[in-house]
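Chemist: With the sequence up front, the predicted model follows.
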Amino acid sequence: MADSRNGDTYVIDVMKFISRTRALYAHWNEHIADIWGSADALAVATHPATNDLRYLKSSALHIWLLGYEFSDTIMVFSSKQIHFLCSKKIATLLEVVKQPAHDELGIDVVMHAKTKGDDGNGPMDAVLRAIRDGKESQVVGHIAREAPEGKLLEKWTERLTNAKFQFQFVDITAGLSDLFAAKDGTEIINVKKAAYLASSVMKNVVVTKLEKVIDEERDVTHSLLMRLTEKAILDPTKAGVKLKPECVDICYPPIFQSGGKFDLKPSAVSNDDLLAYDLGSIIICAVGARYNSYCSNVARTYLIDATNLQSKAYEVLLKAHEAAINAMRRGRKLSSVYQAALSVVEKEAPELVDKLTKSAGTGIGLEFRESGLNINARNDKVLRSQMAFNVSLGFQNMECESKKKKFSLFLADTVIVKDEDPEILTGKCSKLVTDVSYDKEEKPCRKKARRTSGPESYFINKTSLRSYNNNNNNNNHVVSKDELRMRNQHQAELARRKNEETVRRLAGDGSSGSTAKTSTDSVAYKNVNDVPQPRDLMMMIQVDQKKEAVLLPIYGSMVPFHVSNQQDSTRNNYIRIIFSVITLKNQGAIYLKEVTFRCKDSKRSSEVVQAIKTLRRQVNARESERIERGTLVNQEKLQLAGNKFRPLRLSGLWIRPQFSGRKRVPGALEAHANGFRYSTTRPNERVDVLFANVKHAFLQPAEKEMLTILHFHLHNHIMLGNKKTKDVQFYVEVMDAVQSLGGGGRRSSPSAYDPGEILEEQRERDRKNKINVDFNHFATRVSALEFEQPLRELGFSGVTDKARVFIVPTSSCLVMLTETPVLVVSLSEVEIVNLERVVFGQKYFDMAIVFKDFKKDVLKINAIDTSYLEGIKKWLDAIDIKYYESKANLMWRPILKRITDDPQGFIDDGGWEFLNLERSDSEPEESDQGYEPPDAEDESESEDEDSESESERTKKKKKRTTEEEKCKRRLSVRFLEKIMDLSMFRLQLFFYNNHFSFIIIYIIVHNYDLAKKKY
C-alpha cells in the first residue's frame, strides 16, 4: 500500500485499511478451523526498529493494513475490537481509523498509549482482559516463529503466557500466508513496478557491465559488481527507470557467482573472488528489487564460450523453466508446476534429473519467500488468480567434460497467475540462448549443443505413486488383459532404453587403475638415547605404553620393536613373538621373523602377553580410526544461528548409530543456518549434519511402529564418535513398553473395560500424536531440505539382513528405517530389478536390485510374500524401472564380473535381455521341417547320388551331420524346458518319491527317443 510520507509525517490510507481489515475478518471467519487454528483472538507484535534486512509476518501485516511498519507495537484482533498498544506518537497517527472502522465494520479500535518510560504493564492488563472477554479459556493466535525482541515484547510474552489467564496458543502463520497470497490491484501494481526495476537493472546495468569487463578483459570482483548493482537499484535513474528513490529498496544484496563456486540458495552471497570469463565459464547473476515493500526477483545465467554439455544443459533448463511458468494456471496445484518442469528434464536429458533443484520457486510479495507457497513436488496447494511467484529453477553441481571444475545454471522470473496465461513481469530481460551465450571474439551467438541422451534418473511424486498402486494391499488383485498388455509394452520400451543406456555407460567407462595403499614404517624411538634402560640387572621383556613399543632382551641389549608389527602367543611358560612380513628395503639390514623366550614364572609370561595384546588393540583401533578419517571429504563448518535467529529445536531424541559408551543419554537436534547439530549433555557427544551433505531426508511418523524418525542419508561419510557412517537417524519412542507385574488376583491381568487402562491408552495416543506433530512441524520449517515420507500403502515385507522387516517406497527411494541396519536405496541409482523364484505355487519370492555401479554388490531382499508380487511390478513400472523374472536365484557376482570384463560381448548378446525368459518362450521356434534325415529322402534323390562325385557326397554328408547335431541340441533344450515347466504339485510328488532322479531321466530319454523316431 502506498503511504504518503513527508519528512516524519505519515498519512494512512483509511479506505485501504477498511477494505483489508474486512478481508482479514472474512478470511479468519471462513477458515478459522483449518488454517487459523480456531483462534478466538489474534495477537501480533512487531519488533524494535533495526537496519537489518529481514522479512517478518508481523511486519508484513502492518504494511498490508497500515502502509507502514510501526515498530514496538502490539496489535490484538478480537471479534468486535482491535487493540493497539504503542507509543503516543503512533497512537496519534492511528486515530484516523477509529471512526471509519466503527462506521463501516462495526469494530471498535482501542488505543493503549504508553509513555516513554512506562513498562506497559497497565495497558497490557487492559488488553489481556479484553482478550479474555469474561471467558475461562481463550485460544490466542500468534506467530510462533517470531521470538520476542526488546523489553516491551518480552514483557508482553511473559504476561500473555501467564497461567492466570489460561490462554491456549496456536500458530497463525499459515492463515496470514494464505491471506497475503492473492494480491489486490494496488499490490499487483507494486509488484509490477518492482519487477520492472529489477529487470531493467539486469538488462541495462548488469549485462552492460559484464560485456564491458569481458571485452576489455578487466579484473573485477563479485563483491564490486554487487555494490555497483545495489547502487543502481537504490537510484533507479541509473537503470533508466523513473521511480521515486524513497519507494525502492533491495530484496537482498545482488548475487554474482562464477569460477566453479556456485550456491543456488536464496541466502547466497557474492564473494571477493575475481569474475571468471575464460573458456567454458558460467556467470550467474541475481537481482531482487522492492517497491513500496513488495518484492520481485530475476536471475540469469550467462555462458562464455560454452561447451556442448553446458549449452545442452541450458537449453533443457530453459524449456523446463518455461514449462513451469506455463503450468501456472488458476485451479492447478503447485506440485503440478514442479512436475511440468521435471517432465521436460526427464524427457530431454534424464541424466540431469538428480541435478535439478528440489524447488521451482516460492510465492513472493511483502516477503521474498512467502511461507507455505513453495513450488515443489509435495505442495498440493491450489493456485488462485492474482498470486505472485518467484519461479526459479536450476541445475547444480554439474561436472564439465574435463571434470576439473563444476558449474551450475540458474533462471528466475517474477510471474503473476492469471485466469488464462500467466504474466511474466521480468520478461524484459531476455533468457534466450542467443542472448546469453557469448564468444569473446564475436558478438553474442548461440552455440547449438549436440543432443545426447544420458542415463535415466527416476522421480515420481507421492500422488502418482498412490494412484498407481491403490490396490496394493489387496491380496487378490487381478490384472486385466489391457493393463497387462500396456505394462508389457512399457517394459519392452524400458528394456530398449536400458540396454542403450548401459551400452553408452560401458562404452565410456574407462578402466582407472587403483592406487596402492602406501604404508609408513612405525617408529617407536627416533634416537638410541631415547630407549629406556633395564630396570635391574636382570634383563626382562618390557612394554613401553607411552612409545607403544616392546623391548626385547637380545644378545645383552634391549632392542625395541613397535607393537603394530607383532603377533604374540604364550604356551607352557613360553612367549613367542611373530613379526609381520615386510618388504626388504635395506639390503644390509637384519630382519627378525620370530623370537621365542622362556620364562620361569608362568604368571609373568601371561602378564607380558596380556599387556602386549592390550597395547596392540589400542594402536590398531587408533590406526583404523585414522584411516577412516583419512577417507572423509572435507566439509564446511556449521554456521551457528547465534543472535540472528533462534534455531529450531527438537528435544529428547535418540541417535543411531549411537555414541560409544554403555549408558546412553538423549539429546537435542537444532537447525542452524547451513545444517543440523545434535548434542547431549556430555561434551564429547556432538555431531553436525550439513544441508549440503544430505542426499535424502526422511520423516517417518509413528503409525504402526513405536518410533517417530528423522533420517538423513548423506552424500559423503561423516564420523559419529569413532564410527564412519552415511546414515544418521534421530528418533523418539512414542510409547514405553509396559509389562504387567503381579502375583495373580483379579487385578493382575488388565481388563479391556478398566477405566485406568482406557485412560492410559488415550494418553499414549495423545503423546504419539503430539510427537508426530512436533516432528512434522520441525521438518516443515526447515526450508533448506525436502523431507520425504514413506508410503505405507506401497510397502511389503521381506528379509534384508536377518529378520523380517517392512520395506516402504518414498518418492525417490526404497527404505527401511525402523531396524538396524537401515536400508536406503536411491531409485536413480538402480539399473534393473530381477524378481527371482517366481514360480506358480511358490509362497515367497526374492528381489535382486542391480545398481548402475556394477562394482557394488547386488542387494537381495528375500522371502517376499507372493501377494505383493503384482503390486511391486506395478510400482516398478510406474517409476520406469525395468524388471525381469526368473525361476531360480542367480549368481550375480560372476554375471557382473563377466559384464565388466567383456562389455562388448554383453552388448552383442542383447544386453539384459538374457534375463527375459518370456521372450525366449515366445520367440518362434526354428522350423524343423527344413531338415530331413537321410532315411526319409526321396528315391529320385538317392538315384541321383550315384552320379555325383565323391567330393560332393562328402560335403553333403558333413552338412547333414552338422544339421543333425543342431537338431539334437535344439530338441534337448526344448525338452529340458518342458520339464522345467511342469506344474509344482507334480514336481513335489517327484521330490517326495525316492525315484525322483530316475523318473526325470526316463522322461528326458523317452521323449528324445520319440523325437528321434519321428524325424
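Modeler: In hand now; what should we look at?
Chemist: can we go C-alpha only for contacts and neighbour counts from here?
Modeler: Will do.
Chemist: tell me the centre residue of this protein?
Modeler: Central residue of the chain (C-alpha atoms, centre = their mean): residue 696, 2.6 Å from the mean position.
Chemist: Excluding sequence neighbours, find me the nearest residue to that residue.
Modeler: Nearest residue to residue 696, sequence neighbours excluded (C-alpha to C-alpha, 6 or more residues apart in numbering): residue 713, at 5.0 Å.
Chemist: Let me see the contact set for residue 665.
Modeler: By C-alpha atoms under 8 Å, 6 or more residues apart in numbering, the contact set of residue 665 is 654, 680-681.
Chemist: If any of the residues you listed are buried, give me the PyMOL selection for them.
Modeler: The PyMOL command for the buried members of the contacts of residue 665 (criterion: 16 or more other C-alpha atoms under 10 Å) is given here:
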select buried, resi 654+680
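Chemist: So which of the contacts of residue 665 sit within helices?
Modeler: With helices defined by DSSP state H, no entry of the contacts of residue 665 lies inside them.
Chemist: Just confirm the residue nearest to residue 696 is within a strand.
Modeler: Yes - applying DSSP: H, G, I helix; E, B strand; the rest coil, one finds residue 713 inside a strand.
Chemist: That one: what's it in contact with?
Modeler: Residues in contact with residue 713, defined by C-alpha under 8 Å, 6+ apart, are 694-697, 726-728, 824.
Chemist: Just the buried ones from the residues you listed, in ChimeraX syntax?
Modeler: Buried subset of the contacts of residue 713, written as a ChimeraX selection, criterion 16+ other C-alpha under 10 Å:
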select :694,696,697,726,727,728,824
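Chemist: Let me know the closest of the contacts of residue 713 to residue 383.
Modeler: Of all these, residue 383 sits closest to residue 697, with 26.9 Å by C-alpha to C-alpha.
Chemist: Point out where the stretch 51-200 of the chain drops to low pLDDT.
Modeler: Within the stretch 51-200 of the chain, the stretches with pLDDT under 70 are 134, 136, 163-165.
Chemist: All the strands of it, in order from the start?
Modeler: Residue ranges of the strands in the stretch 51-200 of the chain, as given by DSSP state E, counting those that start in this stretch, are 74-77, 81-87, 108-114, 138-142, 167-171.
Chemist: who does the third one touch, helix- and strand-wise?
Modeler: For strand 108-114, the helices and strands in contact under the criterion 3 or more C-alpha pairs under 8 Å, 6 or more residues apart in numbering; DSSP states H and E are strand 81-87, helix 88-94, helix 98-105, helix 121-132.
Chemist: My guess is residue 194 contacts residue 290. True?
Modeler: Yes - look at residue 194 against residue 290 with C-alpha atoms under 8 Å: they come within range, at 5.1 Å.
Chemist: Who has more neighbours out of the two?
Modeler: Set side by side, residue 194 and residue 290 show more neighbours around residue 194, with 32 against 29, by other C-alpha atoms under 10 Å.
Chemist: As a check, name the ranges of all helices in the stretch 151-300 of the chain.
Modeler: Shown for the stretch 151-300 of the chain, the helices assigned by DSSP state H, counting those that start in this stretch span residues 173-181, 185-201, 207-216, 222-234.
Chemist: Deepest-packed of those, please.
Modeler: Most buried of the helices of the stretch 151-300 of the chain, by mean neighbour count (mean count of other C-alpha atoms under 10 Å): helix 185-201, with a mean of 24.
Chemist: other SSEs contacting it?
Modeler: Where contact means 3+ C-alpha pairs under 8 Å, 6+ apart, helix 185-201 is packed against helix 222-234, strand 281-291, strand 294-304.
Chemist: what are the bridge partners for the nearest residue to residue 789 once chain neighbours are set aside, then?
Modeler: Leaving aside its chain neighbours, residue 789 sits nearest to residue 699 (5.2 Å; criterion: C-alpha to C-alpha, 6+ apart). Beta-bridge pairing for residue 699 (DSSP bridges): residue 710.
Chemist: show me what contacts residue 699?
Modeler: 708-711, 775-776, 779, 787-790.
Chemist: Name the helix or strand of this protein that has the lowest mean pLDDT.
Modeler: Least confident helix or strand of the chain, by mean pLDDT, DSSP states H and E, is helix 984-992 with a mean of 36.
Chemist: which of the contacts of residue 713 lies closest to residue 143?
Modeler: Nearest to residue 143 among the contacts of residue 713 is residue 697, at 26.5 Å by C-alpha to C-alpha.
Chemist: Now that closest one, what are its backbone angles?
Modeler: phi -120, psi 130 (degrees, to the nearest 10).
Chemist: Of the helices of the stretch 151-300 of the chain, which is nearest residue 859?
Modeler: Nearest to residue 859 among the helices of the stretch 151-300 of the chain is helix 173-181; the distance by C-alpha to C-alpha comes to 43.0 Å.
Chemist: what residues does that closest one touch?
Modeler: 24, 27-28, 31, 35-36, 57, 61, 142-144, 363, 365, 370-372, 387-388.
Chemist: Let's verify residue 342: helix, strand, or coil?
Modeler: helix.
Chemist: Count the neighbours of residue 122 for me.
Modeler: The number of residues packed around residue 122, counting by other C-alpha under 10 Å, is 11.
Chemist: and what of the one 10 residues further on?
Modeler: Residue 132 sits with 19 neighbouring residues when counted by other C-alpha under 10 Å.
Chemist: on that earlier part again, so which of the contacts of residue 699 belong to helices?
Modeler: The helices, defined by DSSP H, take in 775-776, 779 from those.
Chemist: Looking at those residues, which is nearest residue 392?
Modeler: Distances from residue 392 to those, taken by C-alpha to C-alpha, are shortest for residue 779, at 22.0 Å.
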